[in-house]
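In: okay, sequence plus prediction incoming.
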Amino acid sequence: MRAESDPFCHHPELRHRIVDPLSSHFRTFRIEDRLAEMQAQGVPTGWWYSDEEREAMRARALEGHRDSDLWVFGYGSLMWDPGLCFEEVRRARVPDYARRFILKTSHGGRGSPQAPGLMAALDKGDGCEGLAFRIDRANIEAETEILWRRERIGPAYLPAFIEAIADDRTVTVLAFIADHSAPSIDPGLTRAEQIHLLATGTGFLGTSLEYLTRIAHQFAALGIEDEDVSALLRDTQAYIRSRQSA
């Protein structure tokens, strides 16, 4: 499944819908650099992993997976801003997992203590559409160090190697799945609570509504129909209109 030199040869429609990795702020993202913003928002500090802890977790997760190119599965913001230098991007589906809006965030990213937000997590389910990015074997160390600083800031996700279907072929992808032992993962959220969090959550990475909208826009470009994402966006927009007219 190797591609030509153009990473977008399979999906030219994504060429201007994915942030240039070299200009992505995630290339140099460090949670410690946001300390002043978090303190201003009243966000508790010290909840994140140290560099040493994160690097030890990365080493354990990647053991046995450095001998060939690495595929990384994106189902949320990775779909439009992976921050990774990739050789190839393909539409992919993981059959045994689903995108669930169960990550309640109040640590400053897309939500704060005053305005908690909501993001997606990959959880057991009946299938999730997304994108798979192929990282050249020679770049695995550098690119996954960047990826871990983003996805493994603190408890929320767990790295896992799972099966994905891309172009009718099965490939093994690295994905970040819901850690149900993490306080931020709340599978018991009602639909009304999800909508409220999506409508009002805001942080230094932007709003929760923007996050949801960007997922819907990437799906529209790819011709993917996701009823849950579409319904959540429609209901959240209606909720915002109702609040504005009240």
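Out: Perfect, I can see it now.

In: switch to C-alpha atoms for all contacts and neighbour counts from now on
Out: Fine.

In: does D186 touch L118 like I think?
Out: No - between D186 and L118 there is no contact under Cα atoms under 8 Å: 10.0 Å.

In: common neighbours of these two, please.
Out: Common contact partners of D186 and L118 (Cα atoms under 8 Å, 6 or more residues apart in numbering): I102, L103, K104.

In: okay if I get those residues as a markdown table plus secondary structure and distance to R17?
Out: What follows is the shared contacts of D186 and L118, written out as a markdown table (DSSP: H, G, I helix; E, B strand; the rest coil; distance: Cα to Cα, whole Å):
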| residue | secondary structure | distance to R17 |
| --- | --- | --- |
| I102 | strand | 26 |
| L103 | strand | 25 |
| K104 | strand | 26 |
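
In: please pick the buried ones from those residues.
Out: Buried by 16 or more other Cα atoms under 10 Å: I102, L103, K104, out of the shared contacts of D186 and L118.

In: helix or strand: which one has A98?
Out: strand 97-105 (DSSP states H and E).

In: what sits up against that strand?
Out: 75, 111-112, 116-128, 156, 184-189, 194, 197.

In: next secondary structure after that strand?
Out: Toward the C-terminal end, the helix or strand that comes next after strand 97-105 (DSSP H and E) is strand 117-124.

In: now for C85, how many residues are close by?
Out: 19 (other Cα atoms under 10 Å).

In: next up, the contacts around the closest residue to it other than its chain neighbours.
Out: Spatial nearest neighbour of C85, chain neighbours left out: P21 (5.7 Å); criterion: Cα to Cα, 6 or more residues apart in numbering. If a contact means Cα under 8 Å, 6+ apart, then P21 has R27, D81, P82, G83, L84, C85 as its contacts.

In: counting by contacts, list what the longest helix seen in the chain packs against.
Out: Determined from DSSP state H, the single longest helix within the chain is helix 227-245. The contact analysis (3 or more Cα pairs under 8 Å, 6 or more residues apart in numbering; DSSP states H and E) places helix 227-245 against helix 191-200, helix 208-222.

In: dump it to CSV, keeping only the CA atoms.
Out: Extracted in CSV, the C-alpha atoms of helix 227-245 (Å, rounded to 0.1, in the frame of the first residue of the first chain):
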residue,chain,number,x,y,z
GLU,A,227,-25.3,10.3,11.4
ASP,A,228,-24.1,10.9,15.0
VAL,A,229,-21.8,13.7,14.0
SER,A,230,-24.4,15.3,11.8
ALA,A,231,-27.1,15.0,14.4
LEU,A,232,-24.9,16.4,17.2
LEU,A,233,-23.9,19.4,15.0
ARG,A,234,-27.5,20.1,14.0
ASP,A,235,-28.8,19.8,17.6
THR,A,236,-26.0,21.9,19.0
GLN,A,237,-26.6,24.7,16.4
ALA,A,238,-30.3,24.6,17.2
TYR,A,239,-29.5,24.8,21.0
ILE,A,240,-27.3,27.9,20.4
ARG,A,241,-30.0,29.6,18.3
SER,A,242,-32.6,28.9,21.0
ARG,A,243,-30.3,30.4,23.7
GLN,A,244,-29.7,33.5,21.5
SER,A,245,-33.4,34.1,20.9
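
In: so who does the most centrally placed residue in the chain touch?
Out: Among the residues of the chain, the one closest to the centroid is G76, at 3.7 Å (Cα atoms, centre = their mean). By Cα under 8 Å, 6+ apart, the contact set of G76 is A120, G130, Y211, I215.

In: got any ranges where this protein has weak pLDDT?
Out: 1-4 (pLDDT under 70).

In: what about 90?
Out: Residues of the chain meeting the criterion pLDDT under 90: 1-5, 34-46, 107-109, 167-168, 204, 245-246.

In: to R90, which of the helices and strands packed on helix 227-245 lies closest?
Out: Closest to R90 of the helices and strands packed on helix 227-245 is helix 208-222 (Cα to Cα; 10.3 Å).
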